[in-house]
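Peer 1: Predicted model follows, preceded by the sequence.
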There are 2 protein chains.
Amino acid sequence: MTEINKPAVEGITIDCVFFGFNKESLEVLLVQHAQGESMGQWGLLGGWLQRDESADDAAQRILHDLTGLENIYLEQLKAFTNPKRVAERRVVTIGYYTLVSREDYNIKSSLKVIEAKWYKISEIPDLIFDHNEILNFSLLQLRNRVRQAPIGFNLLPEKFTLLQLMHLYEEILGIELDKSNFRRKILHMKLLVALDEKQKDVSHRAAKLYKFDDEIYQKLTEKGFNFEF
Amino acid sequence: MTEINKPAVEGITIDCVFFGFNKESLEVLLVQHAQGESMGQWGLLGGWLQRDESADDAAQRILHDLTGLENIYLEQLKAFTNPKRVAERRVVTIGYYTLVSREDYNIKSSLKVIEAKWYKISEIPDLIFDHNEILNFSLLQLRNRVRQAPIGFNLLPEKFTLLQLMHLYEEILGIELDKSNFRRKILHMKLLVALDEKQKDVSHRAAKLYKFDDEIYQKLTEKGFNFEF
């Protein structure tokens, strides 16, 4: 492990699946490339890993440049290394995913990006390179995760209804849930605090608002559980 | 994402945490390097990613070269990318772990390796580069995994005693378990098939032998559970 004959890769990129939840739908922020052979095509938010930074730092830098956000909650997915993933070049990418509140960000103008747009999970277009594969892998990770730990803290507003939380689970799992069953199970976990408040400005009957119990959310995140939907 | 100013890395390596279970202890196979600046030091099994192969293929090739094993069950951990992880060079490594039966392998002689040796988890020496960090990360993964899915298929002999299985869990979790409690919980899962056979050639009272129910093992692997020890 001490000699290198020729570089096995021309570069390493970072690609991030940027999840947001918009009332009833799970969405992913995609960008349309403004340069080079991928011009006009849609892909995940990404950029090059620099020589003097870790992948985590690179992901923070790249997302900060595009969104202005700092200290984003990020999880590395894995390295995607198919030698044919980028035509004519050998580029390995390290995938990440993040869960953000839709109110947190503003896409900055950038020379590299023509447009940035939220896409519903069910309406993802053909993406450049292996970005559809990375996105699908991140969805599997997210699905595993919601069965084993609480989710929603970074995706929902501070106060939310049980129905909003259920829609989030439905979107991630890709299945329809039974309202009363979901209600019973989620309340049984003691994860939620019922507030003395109801929704405002809604056309239907205003529903009760809840927030997460920070301590129990933290404890269940560490300890894990098996949520059977 | 279309220009590269200078290569961010000089190469990508693969490093694999090679777990085996030896009667009562969880062990990791380490190799002593025979070349270069790391000569004489111990590290994980590893090698360079080549230009025309995926990381999965590279891991299979490297482990095959060292052990003769084929189609090894491997899981990628993640990419380890600290820019200072290797002194004076920028090398990113992709970590893997594998669980093998101790009877499966024979370390082949190799120019790159002076010696290969199994180390107990509690007696791991100082390793080269960030290999202690990679090993610790793989242990955390393994600990999460045993709480969520069955384990042991690749680590235990085909027929085993409940005590052997419990020792495996104890080693991975780093805690002592209560025998009757473990027995009750594991049997409740229907994962094991009691055989009409007992241990042979043991000095103590021969214990009943079990094997895994393949179908339930598979089902629980897909579905997951939350094993509270």
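Peer 2: Alright, I've got the coordinates. Numbers count the residues shown, from 1 in each chain, chains lettered A, B, ... in the order given.
Peer 1: The longest strand along chain A: which residues count as buried?
Peer 2: Taking DSSP state E as the criterion, chain A has its longest strand at strand A:11-22. Residues A:11-21 are the ones in strand A:11-22 that count as buried (16 or more other CB atoms under 10 Å in any protein chain shown). C-betas here are computed from N, CA, C, even on glycine.
Peer 1: Any residue of the strand or helix carrying A:Asn181 touching chain B?
Peer 2: Using DSSP states H and E, A:Asn181 sits in helix A:179-188. No: using CB under 8 Å from any CB of the partner chain, helix A:179-188 stays clear of chain B, coming no nearer than 13.8 Å.
Peer 1: now swap in stretch A:149-161 and tell me
Peer 2: No: Stretch A:149-161 stays clear of chain B (CB under 8 Å from any CB), getting no nearer than 10.3 Å.
Peer 1: measure that stretch end to end?
Peer 2: End-to-end distance for stretch A:149-161: 19 Å, by CA to CA, to the nearest Å.
Peer 1: ditto for stretch A:67-87
Peer 2: Termini of stretch A:67-87 sit 29 Å apart (CA to CA).
Peer 1: got the buried residues for that stretch?
Peer 2: Neighbour counts using 16+ other CB under 10 Å place A:67, A:69, A:72, A:74-83, A:85-86 of stretch A:67-87 among the buried residues.
Peer 1: next one: stretch A:208-226
Peer 2: Buried residues in stretch A:208-226 (16+ other CB under 10 Å): A:209-213, A:217, A:220, A:224-225.
Peer 1: Find the residue at the geometric middle of chain A.
Peer 2: Central residue check for chain A by CA atoms, centre = their mean: the C-alpha nearest the mean position is that of A:Phe19, 2.9 Å away.
Peer 1: Which residues are in contact with that one?
Peer 2: A:26-28, A:97-100, A:138, A:142, A:155 (CB atoms under 8 Å, 6 or more residues apart in numbering or on different chains).
Peer 1: Quick check: the gap between A:Glu115 and A:Gly40.
Peer 2: Here A:Glu115 is placed at a distance of 10 Å from A:Gly40 (CB to CB, to the nearest Å).
Peer 1: Could you name every residue contacting both of these two?
Peer 2: Between them, A:Glu115 and A:Gly40 share these contacting residues under CB under 8 Å, 6+ apart: A:Gln32.
Peer 1: Tell me the confidence at the residue nearest to the centre of chain A?
Peer 2: A:Phe19 carries a pLDDT value of 94.
Peer 1: Run through the strands of chain A in chain order.
Peer 2: Using DSSP E, the strands found in chain A span residues A:11-22, A:25-33, A:42-43, A:45-48, A:74-80, A:91-100, A:113-120, A:192-198, A:208-212.
Peer 1: Can you check which of those gets nearest to B:Gly46?
Peer 2: When these are compared by CB to CB, strand A:74-80 sits nearest B:Gly46, at 14.4 Å.
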